[in-house]
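[1] dropping the sequence and predicted coords here.
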Amino acid sequence: MGVPRVVEPARDADLLEGFRRGDPDAQRELFERYRDRVYAIAHRFLKGDDEAARDATQEVFVKLFRSGATFRRDAQFPTWLYRIVANTCMDELRRRRRLLLFGDLPDALHPTTAPEGPGMMQADVAAAVARLSPPLRLAVLLRYFEDLSYEEIAEALDSTTGTIASRLHRAHAILARELAAHAPSPPGVKESNP
C-alpha cells in the first residue's frame, strides 16, 4: 500500500554521514528522497488538508536539518524521520485544539464533501481512518500506508510493540464496524427495511 522502499545501503551510509556533517547536497538528496513520503503521512494524518500537510512537511525537514548532528549512526534513518513526522503532526493537532477554544476552525480544515463515483470505497476507508483517534490513526498510517513493522512503529513512536499491537487491534475493530455500515449488499441479497 505504501511507497516501495529503495535499498541502497552503501549510498545510504554515505548520504547519512554527509547529512550528519550538515552537507547541503546530502540534505537536498534526503529531502528529495523522503518528501513525498512525509507529505503523504501528514496529508492522511491531517485529514486531507493540503496546506497543513505542506506546512507539516516543511516543519519536519526544518527540524530534521536542525538536529542532523544528533542522528545516531546505530539508528535507522526512516524510523527517526517517522518519529519527527509523528511529533510534528501531533503538535499540529494540539495547535488546532487550542484554536478551537477561540472559535470554530474554517471548513477548509475539515472537508465534508461526499465522495462520488468508483473511488467511493477508497474515500470511505480514508474517511474512517481520518476519524480514528490520533494514536490509532498514526499506527494505521505507519503500518498500512508506510508498511512498517510493529517494531519499527514502536521505535518511531517511542512505544512498545504490545502497545502498537493493541492500537492496531482497536483500530481494526473500529474500522470494521464503520466500514461494514458502508459496504454494499452482495449481489442477489435484498436490503430489508425495518
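    Now that the structure is in, tell me what you want to look at.
[2] helix or strand right after the longest helix along the chain?
    With DSSP state H setting the assignment, residue counts place helix 77-100 as the longest helix in the chain. With elements assigned by DSSP states H and E, the helix or strand that comes after helix 77-100 is helix 120-131.
[3] now do that next one: everything it contacts.
    Contacts with helix 120-131, where a contact means Cβ atoms under 8 Å, 6 or more residues apart in numbering, come from Arg44, Lys47, Gly48, Pro115, Arg137, Val140, Leu141, Ile174, Leu175, Glu178, Leu179, His182. Bear in mind the C-beta positions are built from the backbone N, C-alpha and C, glycine included.
[4] what about the second one, distance to Cys89?
    Read that as Lys47. Using Cβ to Cβ, to the nearest Å, one gets 11 Å for the distance from Lys47 to Cys89.
[5] what subset of the contacts of helix 120-131 is buried?
    With neighbours counted by 16 or more other Cβ atoms under 10 Å, the contacts of helix 120-131 contain buried members at Arg44, Lys47, Gly48, Arg137, Val140, Leu141, Ile174, Leu175, Glu178.
[6] surely the first one meets Phe145?
    Yes: because the distance of 6.3 Å satisfies Cβ atoms under 8 Å, Arg44 is recorded as touching Phe145.
[7] where do the helices sit along the chain?
    Applying DSSP H to the chain gives helices spanning 9-21, 24-45, 50-66, 77-100, 120-131, 134-140, 150-156, 161-182.
[8] for this structure, which residue occupies the most central location?
    Centroid-nearest residue in the chain, with Cα atoms, centre = their mean: Ile41, separated by 2.9 Å.
[9] look at that residue and report its pLDDT.
    According to the prediction, Ile41 has pLDDT 92.
[10] how about Ala181?
    74.
[11] which non-adjacent residue is nearest Phe31?
    Among residues not flanking Phe31 along the chain, Phe61 sits closest, at 5.7 Å (Cβ to Cβ, 6 or more residues apart in numbering).
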